[in-house]
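>>> The amino acid sequence is not available; the structure is as follows:
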Ligand code: VGL
Ligand code: ZN
């Protein structure tokens with residue numbers, strides 16, 4: 001069975017949002033249009049407390065998009081985004097949210113970020129998505145959404161390592177692309193056996 005995983009199609013990642021990804025809104029209509037081809041549709045939602053440790057605002061003198069060392073490894077510091085209950089954390093208004101079987105929220109623990117839909121950035125704390133997919137018998141995944149080089153990349157790589165068959169529709173993703181992060185992400189995904197379409 002095939003599942004469509006729609007990563008973080010939220011207002012803050014669309015033009016006008018706090019961490020806007022260029023063209024982020026262009027992918028909404030085509031994503032809606034493909035939902036009926038899948039046995040399961042799963043949405044992820046970046047969902048941070050206002051004091052989240054990935055926010056530059058929580059680190060004295062730190063600039064957004066700079067890097068710091070966290071106990072679990074290097075972490076990019078972001079502008080405040082996708083704060084729980086805020087308009088920026090809502091899905092894009094045109095996304096067919098009612099069509100989703102499951103909405104999985106991530107990044108809600110203040111001390112650790114979670115790019116991947118499967119594990120937090122410590123690479124060990126699970127979100128529960130693996131169990132959901134396995135118990136439903138879904139072994140093949142197509143991923144779309146925002147942003148290609150962060151949450152889509154980490155989700156696709158983790159899924160592939162867990163043994164799922166994974167394709168990423170790169171035409172239905174958009175990237176932040178800081179310091180060559182898109183090229184690096186594409187290399188990572190290919191190396192882990194993710195098919196880039
Ligand atoms: C994302 C940065 C911070 C993403 C989420 O959805 O790719 N990127 N939080
Ligand atoms: Zn985030």
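That came through fine. Given the structure is predicted, the values throughout are model-derived calculations rather than measurements. Ligands and ions are numbered 1, 2, ... in the order given.
>>> in the protein, what residue is nearest ligand 2?
Closest residue of the chain to ligand 2, Cβ to the ion: residue 46 (4.2 Å). All C-beta atoms are positioned from the backbone trio N, CA, C, and that covers glycine.
>>> How about the lengthiest helix in the chain and ligand 1, any contact?
When the chain is parsed with DSSP state H, its longest helix is helix 181-191. No - figure legend: helix 181-191 not in contact with ligand 1 (Cβ under 6 Å from any ligand atom); closest approach 10.1 Å.
>>> tell me which residues in that helix are buried?
Judged by neighbour count using 16 or more other Cβ atoms under 10 Å, the buried positions of helix 181-191 are 181, 182, 185, 186, 189.
>>> just to revisit the earlier point, measure the residue of the chain closest to ligand 2 to ligand 1 for me?
For residue 46, the distance to ligand 1 equals 5 Å [Cβ to the nearest ligand atom, to the nearest Å].
>>> Let me see the contact set for that residue.
Contact partners of residue 46, counting by Cβ atoms under 8 Å, 6 or more residues apart in numbering, are 8, 10, 12, 13, 81, 82, 89, 105, 106, 107, 151.
>>> Tabulate those residues (JSON lines), appending secondary structure.
Compiled in JSON lines, those are given as follows (DSSP: H, G, I helix; E, B strand; the rest coil):
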{"residue": "8", "secondary structure": "coil"}
{"residue": "10", "secondary structure": "strand"}
{"residue": "12", "secondary structure": "helix"}
{"residue": "13", "secondary structure": "helix"}
{"residue": "81", "secondary structure": "coil"}
{"residue": "82", "secondary structure": "coil"}
{"residue": "89", "secondary structure": "helix"}
{"residue": "105", "secondary structure": "strand"}
{"residue": "106", "secondary structure": "strand"}
{"residue": "107", "secondary structure": "coil"}
{"residue": "151", "secondary structure": "helix"}
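>>> Make TSV from the residues you listed and add distance to residue 73, pLDDT and neighbour count to it.
Converted to TSV, these look like this (distance: Cβ to Cβ, whole Å; pLDDT from 0 to 100; neighbours: other Cβ atoms under 10 Å):
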residue	distance to residue 73	pLDDT	neighbour count
8	21	98	29
10	25	98	27
12	24	98	26
13	23	98	27
81	20	98	24
82	21	98	25
89	25	99	21
105	22	98	16
106	17	97	27
107	16	98	25
151	16	98	25
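>>> sorry, back to before: contacts for the longest helix of the chain next, please.
So helix 181-191 is contacted by 148-150, 152-153, 156-157, 160, 168, 170, 175-176, 196 (Cβ under 8 Å, 6+ apart).
>>> are any of these buried, and which?
Among the contacts of helix 181-191, those buried by neighbour count (16+ other Cβ under 10 Å) are 148, 149, 150, 152, 153, 156, 157, 160, 168, 170, 175, 176.
>>> List just the nearest of those residues to residue 125.
Closest approach between the buried ones among the contacts of helix 181-191 and residue 125, by Cβ to Cβ: residue 157, at 16.2 Å.
>>> residues touching the nearest residue to residue 147 once chain neighbours are set aside, list them.
Closest residue to residue 147 apart from its sequence neighbours, by Cβ to Cβ, 6 or more residues apart in numbering: residue 176 at 4.6 Å. Residues counted as contacts of residue 176 (Cβ under 8 Å, 6+ apart) are 19, 21, 147, 148, 149, 150, 182.
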